[in-house]
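**Q** Starting from these lines, generate the structure:
(one chain, ligands or ions: 1)
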Amino acid sequence: MLLILPAAYAAGSSQIQNNKKHPPDSHQKQIKVVATTYPLYLLTKNIVADAPNVVVDLVVNSYAGCPHDYHLTPKDVIKIKSADLLIINGLGLDNNMADKIADKGAVVDTSSGFKTLERGEKEHKSPHGHHDEHKHDEHKHDEHKHEEHGHHEHANQHLFASPRRYANLIDPIVNKIVTFDSLNSHIYLKNSKAYKVALFKLADDFSKLMSKLNNPKVISQFTAFEYLAHDTGFVVIATVQEHPGEAPSAARILKIIQQAKENGVAAIIAEPQFGDRYVRTISQQTGIPVIQMDPVASGPEAADLTYYEQMMRKNMERLQKALRDGQE
Ligand SMILES: [Zn+2]
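**A** Sure, this is the predicted structure:
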């Protein structure tokens with residue numbers, strides 16, 4: 001022992017000096033994780049938090065909202081190609097971004113394998129142009145079929161706007177990150193566990209409040225809150241626009257006004273980042289109040305890690321107030 005020790009000591013100290021100049025293995029290399037959308041960026045930031053070897057970047061401008069019909073800029077493509085790991089929403093929202101990466105192993109499709117709801121429950125356009133408008137119950141397909149879609153032509157893309165489903169998107173991301181940086185896996189796993197607890201608590205609080213309402217019926221400007229409604233118990237009677245930028249017909253507005261009156265709808269949900277012109281018309285014609293709710297599709301890039309929870313709790317309060325006071 002006595003003879004070996006000084007030699008090992010000497011070798012050890014020279015190695016330390018070398019390590020400073022040349023990182024010995026890939027664990028020391030900085031990993032670049034790029035998220036396509038704001039909610040996934042925020043989720044990844046929560047998973048990574050104070051881990052030393054990771055940078056998180058965002059493709060779409062943080063205030064742009066969901067990239068429906070989004071056109072990638074050359075700068076976006078450079079950013080995507082520079083990613084060690086690309087986190088995408090999937091369901092057809094941003095799959096075109098994943099196409100820019102040659103190594104498909106670097107892509108995490110967060111929605112893959114999860115059940116989805118069909119977009120625009122009460123009206124959706126068929127790609128073939130027929131049955132423009134139909135009701136779900138006329139279709140006679142079972143709940144299983146309704147929830148689970150093999151293709152994502154009609155799937156609602158906003159899993160992130162329901163806290164319970166948002167929490168479920170953590171595992172696909174963290175499971176991939178730990179393969180890139182196993183040395184710090186304990187940090188990612190710890191952060192993920194804590195954030196899941198917070199999101200599930202938020203989801204439970206939301207459901208609890210919704211179970212005590214007088215009248216859970218709403219009209220929604222867009223389709224972003226269909227998962228939240230399904231998961232927590234308020235009911236979307238009709239959706240005004242399937243996409244921002246897609247103008248509803250006058251006939252459609254009239255029909256929604258009629259549906260609102262017939263069903264005794266308590267509130268109309270509008271999203272703060274879009275104009276609420278059609279929603280205002282419906283409100284004026286029916287006397288039903290408009291409330292602003294934020295699906296957290298956008299927000300400040302340097303947001304606090306609790307930003308999603310803060311926004312969702314604000315949504316919860318507004319919805320609860322409107323629906324609690326709503327007349328049956
Ligand atoms: Zn959207």
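**Q** Give me the residues contacting the helix or strand containing residue 314.
**A** Using DSSP states H and E, residue 314 maps to helix 307-325. Residues outside helix 307-325 that contact it (CB atoms under 8 Å, 6 or more residues apart in numbering): 39, 42-43, 163, 166, 198-199, 202, 205-206, 209-210, 212-216, 218, 234, 266-267, 269, 289, 291-294, 296, 299-300, 304. Just so you know, the C-beta spots here come from the backbone N, C-alpha and C atoms, and that holds for glycine as well.
**Q** Do I have it right that residue 177 meets residue 191?
**A** No: in this structure, residue 177 is not within contact of residue 191 by CB atoms under 8 Å, at 10.2 Å.
**Q** between these two, who's got more neighbours?
**A** Higher neighbour count among residue 177 and residue 191: residue 177, with 27 against 20, using other CB atoms under 10 Å.
**Q** So which residues of this structure form helices?
**A** Using DSSP state H, the helices of the chain run over residues 4-21, 38-48, 74-81, 95-98, 143-147, 163-168, 170-180, 185-210, 226-232, 250-263, 277-286, 307-325.
**Q** what's the most buried one of these?
**A** helix 38-48 (a mean of 25; mean count of other CB atoms under 10 Å).
**Q** Below-threshold pLDDT in the stretch 101-250 of the chain: ranges please.
**A** 120-152 (pLDDT under 70).
**Q** Name the residues contacting each of residue 177 and residue 191.
**A** Common neighbours of residue 177 and residue 191 (CB under 8 Å, 6+ apart) are 47, 48.
**Q** And the helices of the chain: which comes nearest residue 89?
**A** helix 38-48 (6.2 Å; CB to CB).
**Q** Which strands or helices does the closest one pack on?
**A** Applying 3 or more CB pairs under 8 Å, 6 or more residues apart in numbering; DSSP states H and E, one finds that helix 38-48 makes contact with strand 31-35, strand 54-58, strand 85-88, helix 170-180, helix 185-210, helix 307-325.
**Q** again, only using 6 Å
**A** Applying 3 or more CB pairs under 6 Å, 6 or more residues apart in numbering; DSSP states H and E, one finds that helix 38-48 contacts strand 31-35, strand 54-58, helix 170-180, helix 185-210.
**Q** angle of it against strand 54-58?
**A** Relative orientation of helix 38-48 and strand 54-58, computed by axes from the mean of the first three to the mean of the last three CA atoms, to 10 degrees: 170 degrees.
**Q** taking the mean pLDDT, what do you get for helix 38-48?
**A** Regarding helix 38-48, the rounded mean pLDDT is 98.
**Q** For that helix, what is the distance to the chain centroid?
**A** Helix 38-48 sits 10 Å away from the centroid of its parent chain (CA atoms, centre = their mean, to the nearest Å).
**Q** Dump the helices of the chain into TSV; add distance to residue 155 as well.
**A** Below are the helices of the chain laid out as TSV (distance: least, CB to CB, whole Å):
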stretch	distance to residue 155
helix 4-21	49
helix 38-48	16
helix 74-81	23
helix 95-98	12
helix 143-147	10
helix 163-168	12
helix 170-180	16
helix 185-210	21
helix 226-232	11
helix 250-263	22
helix 277-286	24
helix 307-325	22
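**Q** mind checking which of those is nearest residue 117?
**A** Among the helices of the chain, helix 226-232 sits nearest to residue 117 (CB to CB), with 5.3 Å.
**Q** CA atoms only for that closest one, dumped as CSV, please.
**A** Output of helix 226-232 as CSV, limited to C-alpha atoms (Å, rounded to 0.1, in the frame of the first residue of the first chain):
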residue,chain,number,x,y,z
GLU,A,226,-61.5,20.7,-24.9
TYR,A,227,-59.1,18.5,-22.9
LEU,A,228,-59.4,20.7,-19.8
ALA,A,229,-63.2,20.6,-20.1
HIS,A,230,-63.2,16.8,-20.5
ASP,A,231,-60.8,16.3,-17.6
THR,A,232,-62.3,18.6,-15.1
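**Q** Many thanks, I have nothing further to ask.
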